[in-house]
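1. structure for this input, please:
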Amino acid sequence: QVQLEESGGGLVQAGGSLRLSCTASSRTFSRSAMGWFRQAPGKEREFVAAFRWSSGNTDYADSVKGRFTISRDNALFYLQMNSLKPEDTAVYYCAASGAYYSSTFPLRRYAYNYWGQGTQVTVSA
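-> You can find the predicted model right below:
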């Protein structure tokens, strides 16, 4: 069973930046995509961004487009968050999908079956 672990969360003022990292317990496990999701208090978990592992194609939620950037460096997976807003406050989860879809299938609709424990991001006004 592959385990994912996030790091890099913390407290930041509005307008600031954070970079989240995600590592996997296995460098070689087969994955079709990696994604970031978040869950704010009292709300459902929502899609933030995702990266197709083979092609590098990305998908972003409208709420973060232009502010967040998803990337990889070998086995590490990142979410660079700039111009943070108080409404970005949430627990952020790294996820991986082991399912394969056509190249046109939306990354946000992949079945993500591996999840990290989450890292808290708090943005103060």
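
2. report the central residue of this protein.
-> Per Cα atoms, centre = their mean, the C-alpha nearest to the average position across the chain is that of residue 36, at 1.7 Å.

3. confirm that one sits in a strand?
-> Yes - looking at residue 36 with DSSP: H, G, I helix; E, B strand; the rest coil, it is inside a strand.

4. correct me if wrong: it contacts residue 91.
-> No - with contact defined as Cβ atoms under 8 Å, residue 36 does not reach residue 91; the gap is 11.2 Å. All C-beta atoms are positioned from the backbone trio N, CA, C, and that covers glycine.

5. all strands for this protein, in order.
-> 4-7, 10-13, 18-24, 33-39, 46-52, 58-60, 68-73, 76-81, 90-97, 114-115, 119-124 (DSSP state E).

6. re the thing from before, let me see the contact set for the residue lying closest to the residue nearest to the centre of the chain once chain neighbours are set aside.
-> Leaving aside its chain neighbours, residue 36 sits nearest to residue 48 (4.3 Å; criterion: Cβ to Cβ, 6 or more residues apart in numbering). Residue 48 is in contact with 35, 36, 37, 38, 60, 61, 64, 68, 79, 92, counting by Cβ atoms under 8 Å, 6 or more residues apart in numbering.
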